[in-house]
Every structure is written in structure tokens, then in C-alpha cells.
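Colleague: just need the structure, nothing else, for what follows:
(2 chains)
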Amino acid sequence: MPDEKDNVREMNNNTLEEIQFVQEEATELAQAIEPSVDELKAQVVELKDKYLRALAEMENMKKRQQRQYADVLKYGKEAVLKDFLLVYDAIEKSIASALGLFPDDDNFIKGLRMTEKLMLETLKKHGMEPIQTMNVAFDPHYHEALMQVMRDDLASGMVADEIEKGFLLNERVIRPAKVTVVS
Amino acid sequence: MGKILGIDLGTTNSCMAIMEAGEPKVIPNAEGARTTPSVVAFTASGERLVGQVARRQAITNSEKTMHAIKRLIGRKFEDQEVQKDIKVMPFKIVKADNDDAAIQIDDRRYAPPEISAMVLQKLKMDAEAYLGEKIDEAVITVPAYFNDSQRQATKDAGKIAGFDVKRIINEPTAAALAYGLDRKKEEKVAVFDLGGGTFDISILEIGDGVFEVKSTNGDTHLGGEDIDYLIIDFLVSEFKKETGVDLGKDRMALQRLKEGAERAKHELSSMMETEVNLPFITADQTGPKHLNMKLTRAKLENLVEDIIANLEGPCRKAMADAGLTPKDIDEVILVGGQTRMPRVVQKVKEIFEKEPHKGVNPDEVVAVGAAIQGGVLGGDVKDVLLLDVTPLSLGIETLGGVFTKIIERNTTIPTKKTQIFSTAEDNQNAVTIRVFQGERPMAGDNKLLGHFDLMGIPAAPRGLPQIEVSFDIDANGILHVSAKDKATGKEQSIRITSSSGLNEDDINKMIREAEEHESDDRKRKELVETKNTADSLAYTTEKTLKEHGGKVDSTTRASIENALADLKEVLKSDDTEQIRKKMDALTTASHKLAEVIYSSAAQGSAGAAGPQAGPGAGGSSKQAEDVVDAEFEEVKGDKG
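Modeller: Sure, this is the predicted structure:
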């Protein structure tokens, strides 16, 4: 009947109004929280970045530590071995000194030579190798020049004499050879 | 935004450092050394050498080996300092078109910044190789007395080397930063820098992170090397007295003497007496000669008296120029290797009437400070300071009242650790998790933070269920403990705030008590663990006997049963030794049983074969290695 239809139409209109009202409110609310949403978004981006950086730094540190550990294993004995070179020097010098006073085949010198050999072998066992100075050109990567000398038998820039033996530890120069260089 | 390298570009040696996870770290060069000589050389073949390599060939190539460029950088040719250098430096110093000092090598003229840039370039390359990343920014230090021109020239050197120089800071300021003095409110700081060849004293005023240089003084030609020479002179004169031989004329001997003198000097900083031992130092017609001399710290201090005395004048003058007396100076910092000498430290104490700061390696302290400045500029220093640590260990109580640590003390938080536990009794259907905090091995001696139960564990032989226990501490220090039965997925948890823990005094007390009771606690823990193992052994032996007892003769059976009874009896006591003995006896008695079982056809026994050595705190050998029996109490009973 017409009354009912009118009632229904009125109800529909009211509902529509309500819906519209709620829609407007929702839009306003969305607009109101939008800036804080933007803030939060920015925060998230920043935090994510910091987090990833922290993770990355950890990874990098791990890698570095592994490398350093490998280095320690390789070169950790460096200080100890370097100190022992002083002993080696003394043995070398004792031989040189003895050769000035006794013949080459003297038994005592033999003993000293054996001691020297023992020392070099022990050093070698731990990765130490003597640096070449015979018939080589002076190379500051391996040698340290103490003095320049005049020599007829050698070309300029060649190593003249070895004053103190140099050593490599696993290819790293632990102590350069001290030499004189032909001028 | 990458990391910023801190560089101490020194007159003789340079050093570099960088912030790594909030800590300044010195970076070694490619040769493995923590400092790099500030030396550059051009070889005959046109090769460029930098650092130790350049130094080694100096004698063969003196005109093209440049060092101490810092004395020339930013100066005019007519400068007094430059003119002095011309007289002593083996390389050619000339006047550039703009009247600056320059260096002439063959037909090319180099500005000092160009040469210093070569040192910086090597540092850059070596740092990048070491860190595995590009470094484009740096903080470089300069002496406090450097003028604008010298500072700009140093900055130019950095630029030429490929750095974006974020800042040039004063060396004494860097040193103060390394000691954390920037955090002080208002202070007057004296920086005492005694290196190999120069002495610098600076008075700084620090206020709210701002550093002001009030005055500087020093001696540009006074340092550790002068002390070395005094020692050498002494050795030479003593040797002459003893043997009549003058080592001063022997180039090679002098070389060894120099090294021996340096070594002795270093040793006397920590010992009262040392020996200079140089066999075969020389030889004459009578044979080889050896130098073997004792040197006491007292004698050394006697030798260097004048040098030590000369340190005072510049210090007094610097204080006067700043309008201050020793009482006004709040802190004194030591920089430079030579400050390791006890007599030097003593002199500093006398002059400033207070104990100077030590602690940071004096050879590296300026580079460390530069790295810290780099860290602050790069913005990464402050973040790391927010990380906390948990002051005491956290864990749960396990079988026998043992405290099983899950999180070790001093662990940086936030952090999460998980461990798997199991039941202590057959058919146990619930576990009680008791959370403790402390350092004692027995749970009862630590502080109980909380407890909860996890129920509904399906019936199973003891040791079989897998209960995953997690300890999770968030950034605020709040602890979440959870227990989850992996079979059913059932989980319970508890939240413990830091306020239910302990304050600093309590913490220290607990750590101290743990140390005091260490041996007693150890014995108690051993007893418990032995009991657990023995108990486990008895249990499995009984089981095995029940299943396979029929396979052995009655004599063997009887001996096993007797050993088992003995063990059960002794378990009532607290005698660790006896328990072990009875365990061994049972193991031996059960050997026969084990043999029989292994040799008989496979009967698929559910239990473990024969006696086993119980691993750790009573875990059965069937479990994974990280499973530990927990004394999980049934809800109704209270076994304590």
C-alpha cells in the first residue's frame, strides 16, 4: 500500500544519509591519520635501513675476523721468531770470526756450521726463509741499504755484501737483509 | 655514506684508524705494520716507493728520497724552518712560482702537498684492501700551531690523494677525544707529546664538546732519538775503556749499537735492569770482541737527566701563556712513544702536580682520536652506545638442582637463545620451568626470577620428549621465557621485567660470591652430575637386564644384580668417589651382557644396548648432544 511504500522509501533515504554520513566521517578520519601514517612509513623505512646496516656490519665484522684469525695463525709467531733471529745473527758472526782465526775445516767451525744449519732448519719449519742477496740487484722491498761501496767486479745497483741476513715469514718480509750496495 | 678514516699524518710516521662497531681500530698497512713511515722515494727506474720500502733505499738514493715533508708543507720558501731544512735535507728544496717551498726531483717540481698525498694514497689503498670497502672520506690531524696556510695545504694533500677531507683537527684535540674528554663539562687539559724527534705541549680548554687551544710550546728537535744517541755514546765510551777499541768509527758496529740501545731503552721501561748483549761486535788482531754490558734504569735516567730537565721549560711557558698554574690544569694526557719511559711520566707528574692519563697506545692515540671524530661526523657513534648488556647469567634449574645457563652474563641485548630439554621420569606429563639469575653452578644459590609449568606432555620414556626452552631479552631488558613441547606444539611462557632482578650492588656481590665459592660449587656440581649419570646407568641397566637377562647365565646375572644394588645403595649418599667406583663396577659386570646382546641376532631392542657411559648431566645417549635432562617436576609432587 502507498503508506508502506512511503515508509520503505523513507527508510531507504535515512539509510542512504547514514551511509553518506559514515562515509564522510571515514574520509575525514583517513585524512586525519594520513600524516601519522606517513610518519610511520618513514620510520619503518629508516628502521629497516638501520637494521640492515647493523646486520651487514655484523657480516662484515665476521668476515674481517676470519681474515684476521687467519693472519694471526700465519703471522702470530712473528714476534717470537724475530727475536730468535738475534741468536741466529750471533751464530753467523761467530763463524765469520772463527774463519778469520782457524782453517776452514777446523772441527770447531764444523760444529758452529752445524749449529747454524740447525737454526736455519728450525726457522724454516716455522715458515721462515732467508732472503737472497747473492748476485742480485738491490731491491728495497727485500733489502735495506746501509752503505754504498765502490766495486769493480759488480755492476752498479747490485748488492755488494750481506751484513745481516734477512728473512721472509710466509712471504712477508719480517726483517730485510742489511746490505751494502755498489754505487 | 661510508666510513670516515682517521689519519695521523706525522712528520716521521703516519698512523690510521677507523670506527668499527663503535670502537676505534688501528688499521695495519699492507706490510702488516700499524704505523707507516712518512717517506716517499722515486727510483732511478721511475718507480714510486712509499713507506718502509722508501726508507730502506734512502742511502742509495738520498736526493730522491723525501721525508719530514711536514716541516715544509704550507710554508713559504723564505720561512726560517724551510731554510734550516735546506741545510740538512739531502733532497733539493726550491722556491716555487708562488714563493712556496717546493721540492725539485730531476726536472720536475713537486709541491709538498703532492708528496704528502702519496703517503695518504698508500694509506687509503691499504685501508681499502684491509676493510674490503671503498673509503672516500677522512679526518686528518695537524699540530695545534699550524697556521691557515699549513692546514689548507694538508687538506689539499688529502684531496689529491682522493679523499673528501671532512675535517682537519688538532693533534692534541684528537688525543683528548681518544681519552673521552669531550664528554666533560668544562676542563683545562694539557697534552704532552714526546715522540721520536719532536716535543709538543698544548693547553686545551674543553667546554661542552668544544675544544679551544689556549697555548702551545715545545721543541721541534727534541725526542726519543736523542735519548738513543746518549745511550750509544755511553756504550761506546765504556767499551773503549774496557778494550781500547773505539766503536764510533765502525759503521756496522754503530748500526748494531743503535738497535741494541733502542731495545735496552724499551726494556728499561718495564724492568729495573737489562743487558746489552752484542757478541762479535768487532774484531782486531787479537781476535773477536764482544760487547756485554749491564744497564740499570738508574744509570739510564742519569744519562738523560738534561733531556728530562729540558722538558720543563716549554711546559711552564705554555701554562703561563694560557694564564694558568698547574693547579688549574684538570687533566694531563700523554702522546708519543717516548712517554712510555717512567722518568718522563714522573717528570710530567712533577710539573703538573697530578697523575697523567695513560691507557691508549701513545703511538696511536692521535689516529684513534681522528677516527672517533670521523665516527661522530659520520653519525654512527651514538647508535651503538644504546646497546646494553645483561649483567648476570640467566638460565633454568635442571636435574639435581643444577643451574643450566641459557644466556651468559655480559651478552649484548636484545638477544634470543634456545635449548632443548627433556623429562626426568618415565611418563612425566608436565615440566616446571624455574628461571634463575646468577653465577653459581647450583640453581638454589642464585636468584629465582619466576616459574611456570608446561602440561600435557604425552607419556613417553624419560629423556625422549623434546621441550624447547627459549630465553628472549628485548631491547628494554624484559625477559620472555617460553617452553614448547615439540611433539604437541603446546607452549607456555612467562614475562619477567628487569625490576624483578638485581641492582648493581647485588650484582657485584653475586659475582664475588661465585668466585669465593668456586671450588666448593664445582664439587657439588660434580656430585650432582655423577649422580645423574649413575642414575641413568642404573635405569638403563635394569631395563636391559629385564629384556635380555635370560641370555646370560645365572652367575653373570647375579653379579650384575649385585653391582646394581650396590650402586643404588651408594646413590643414597653424597660420596662422589664411591658412586664412580660402583658405576665402574656395574659397567664391568655388564660387559658380558653387552657381548651377548651384540652377538645375538638383532632383536630390535628399544632400550640402549647394555651399560653406557652417561654423557654430561644424566642425558641418555639416544638424545641429540644438546639435550640435557631437566628436573621437571610433576605438577602434584614437589621433589625439590
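Colleague: helix or strand right after the longest helix anywhere in chain A?
Modeller: What stands out as the longest helix in chain A, according to DSSP state H, is helix A:2-75. If you walk from helix A:2-75 toward the C-terminus, the next helix or strand you reach (DSSP states H and E) is helix A:78-99.
Colleague: worst mean pLDDT across the helices and strands of chain A, which element?
Modeller: Sorting the helices and strands of chain A by mean pLDDT, DSSP states H and E puts helix A:2-75 at the bottom, at a mean of 82.
Colleague: can it be found next to chain B?
Modeller: Yes. Helix A:2-75 reaches chain B (CB under 8 Å from any CB of the partner chain) through A:50, A:57, A:60-61, A:63-64, A:71, A:75. Every C-beta, even on glycine, is put in place using the N, C-alpha and C of the backbone.
Colleague: can you tell me which of these are buried?
Modeller: Among the residues of helix A:2-75 next to chain B, the ones that count as buried by 16 or more other CB atoms under 10 Å in any protein chain shown are A:57, A:75.
Colleague: among the residues of helix A:2-75 next to chain B, which two are most distant?
Modeller: A:K50 and A:Y75 (36.0 Å; CB to CB).
Colleague: who's in contact with residue 82?
Modeller: Unless you meant another one, I'm taking chain A. A:174-175 (CB atoms under 8 Å, 6 or more residues apart in numbering or on different chains).
Colleague: that's the wrong chain, I wanted chain B
Modeller: B:V82 neighbours (CB under 8 Å, 6+ apart): B:71-72, B:75-76, B:93, B:101.
Colleague: same thing but 6 Å
Modeller: B:72, B:75, B:101 (CB atoms under 6 Å, 6 or more residues apart in numbering or on different chains).
Colleague: isn't there a helix covering it?
Modeller: Yes. Membership of B:V82 in a helix is supported by DSSP: H, G, I helix; E, B strand; the rest coil.
Colleague: can you tell me the closest non-neighbouring residue to it?
Modeller: Spatial nearest neighbour of B:V82, chain neighbours left out: B:A101 (4.6 Å); criterion: CB to CB, 6 or more residues apart in numbering or on different chains.
Colleague: how much space separates that neighbour from chain A?
Modeller: With distances taken as CB to the nearest CB, to the nearest Å, B:A101 is found 27 Å from chain A.
Colleague: got it, and B:K317?
Modeller: Using CB to the nearest CB, we find B:K317 at a distance of 40 Å from chain A.
Colleague: could you do B:K185 as well?
Modeller: 30 Å.
Colleague: and that residue, how many neighbours?
Modeller: 8 (other CB atoms under 10 Å in any protein chain shown).
Colleague: same question, B:A430
Modeller: Neighbours of B:A430 using other CB under 10 Å come to 17.
Colleague: I'd say it and B:M455 touch.
Modeller: Yes. A contact is recorded between B:A430 and B:M455 when judged using CB atoms under 6 Å, the distance being 4.3 Å.
Colleague: any idea which element the residue nearest to B:V82 lies in?
Modeller: strand B:101-105.
Colleague: contacts made by whatever helix or strand comes next after that strand with the rest, please.
Modeller: Next helix or strand after strand B:101-105 toward the C-terminus (DSSP H and E): strand B:108-110. Outside of strand B:108-110, the residues within contact range by CB under 6 Å, 6+ apart are B:102-103.
Colleague: 8 Å instead, please
Modeller: Contact with strand B:108-110 is made by B:94, B:96, B:102-104, as judged by CB under 8 Å, 6+ apart.
Colleague: report pLDDT for B:N508.
Modeller: The score at B:N508 is 81. That number is its pLDDT.
Colleague: show me what the helix or strand hosting it is packed against.
Modeller: Under the criterion of DSSP H and E, B:N508 resides in helix B:504-516. For helix B:504-516, there is no helix or strand it packs on, judged by 3 or more CB pairs under 8 Å, 6 or more residues apart in numbering or on different chains; DSSP states H and E.
Colleague: so what pLDDT did the residue nearest to B:E81 when sequence neighbours are not counted get?
Modeller: Spatial nearest neighbour of B:E81, excluding adjacent residues (CB to CB, 6+ apart): B:R71 at 5.9 Å. In this model, B:R71 is scored at 91, pLDDT.
Colleague: returning to what we had before: dump the contacts of strand B:108-110 to a markdown table, plus pLDDT and neighbour count.
Modeller: Conversion of the contacts of strand B:108-110 to a markdown table gives the following (pLDDT from 0 to 100; neighbours: other CB atoms under 10 Å in any protein chain shown):
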| residue | pLDDT | neighbour count |
| --- | --- | --- |
| B:V94 | 94 | 13 |
| B:A96 | 93 | 16 |
| B:A102 | 95 | 20 |
| B:I103 | 96 | 22 |
| B:Q104 | 94 | 15 |
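Colleague: just give me the closest of those residues to chain A.
Modeller: Distance to chain A, by CB to the nearest CB, is smallest for B:I103 among the contacts of strand B:108-110, at 19.8 Å.
Colleague: residue contacts, the closest one?
Modeller: B:66, B:69, B:72, B:91-94, B:109-110, B:112, B:115.
Colleague: if we can go back for a sec, and the residue nearest to B:E81, how many neighbours?
Modeller: 19.
Colleague: that one and B:H221, how far apart?
Modeller: To B:H221, B:R71 is 10 Å away according to CB to CB, to the nearest Å.
Colleague: now do the shared contacts for those two.
Modeller: Common neighbours of B:R71 and B:H221 (CB under 8 Å, 6+ apart) do not exist.
Colleague: secondary structure element holding B:S215?
Modeller: strand B:210-219.
Colleague: each with direction, which strands does that strand pair with?
Modeller: When pairing is defined by DSSP bridges, strand B:210-219 lines up against strand B:199-207 (antiparallel).
Colleague: how about the strand it pairs with as CSV, C-alpha atoms only?
Modeller: What follows is strand B:199-207, C-alpha atoms only, in CSV (Å, rounded to 0.1, in the frame of the first residue of the first chain):
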residue,chain,number,x,y,z
PHE,B,199,108.3,17.6,21.7
ASP,B,200,104.9,19.5,21.8
ILE,B,201,103.0,20.7,24.8
SER,B,202,99.5,22.1,24.3
ILE,B,203,97.0,23.5,26.8
LEU,B,204,93.4,23.0,25.7
GLU,B,205,90.1,24.3,27.2
ILE,B,206,87.2,22.0,26.8
GLY,B,207,83.6,23.1,27.2
